[in-house]
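Novice: I would like the atomic coordinates for the input below:
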Amino acid sequence: MFSELEILALRAVLDDFCEARVPPAVRDRLALQYSIENHTVTLFERRPHLLDKGRWMEIDVARFRYSRARNLWTLFYRDQNGKWHVYDRVEPIARFQDLLDEVGRDPTTIFWG
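Specialist: Numbers count the residues shown, from 1 in each chain. Sure thing, here's the model as predicted:
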């Protein structure tokens, strides 16, 4: 589990990232959010369901797992079948921000399609 201080630091970085990615003009139709559980951070989009605009659906974008034993973060992507895979273009790294930046750049279009 992350300490409260670690969670605050993660939230600060993730809040800035999410706010910068979604223009104010579309925030009523698109939200970028995250969850923090145990040693895992999951980044996901929320948008109205295609067939039922009154319902919102969540679409996973990326997952980050922290190994306290190794002091490293590993980045994962989700395939079309909902299975998570290690994103092997970036080695596990100590700085969370570096992996978040990779998701933002998305050189393979695997995160943002």
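Novice: mind checking which helix or strand residue 14 is in?
Specialist: Remark: residue 14 resides in helix 4-21, with elements defined by DSSP states H and E.
Novice: in that helix, what's buried?
Specialist: Going by neighbour count (16 or more other Cβ atoms under 10 Å), the buried part of helix 4-21 is 10, 14, 17. Just so you know, the C-beta spots here come from the backbone N, C-alpha and C atoms, and that holds for glycine as well.
Novice: List just the nearest of these to residue 36.
Specialist: The closest of these to residue 36 turns out to be residue 10 (Cβ to Cβ; 6.1 Å).
Novice: isn't the closest one right next to residue 2, touching?
Specialist: Yes: using Cβ atoms under 8 Å, residue 10 is in contact with residue 2, at 7.0 Å.
Novice: shared neighbours of the two, anything?
Specialist: residue 36 (Cβ atoms under 8 Å, 6 or more residues apart in numbering).
Novice: now the longest strand seen in the chain against helix 4-21, angle please.
Specialist: Ranked by number of residues, the top strand in the chain under DSSP state E is strand 56-67. Between the axes of strand 56-67 and helix 4-21, defined by axes from the mean of the first three to the mean of the last three Cα atoms, to 10 degrees, the angle is 130 degrees.
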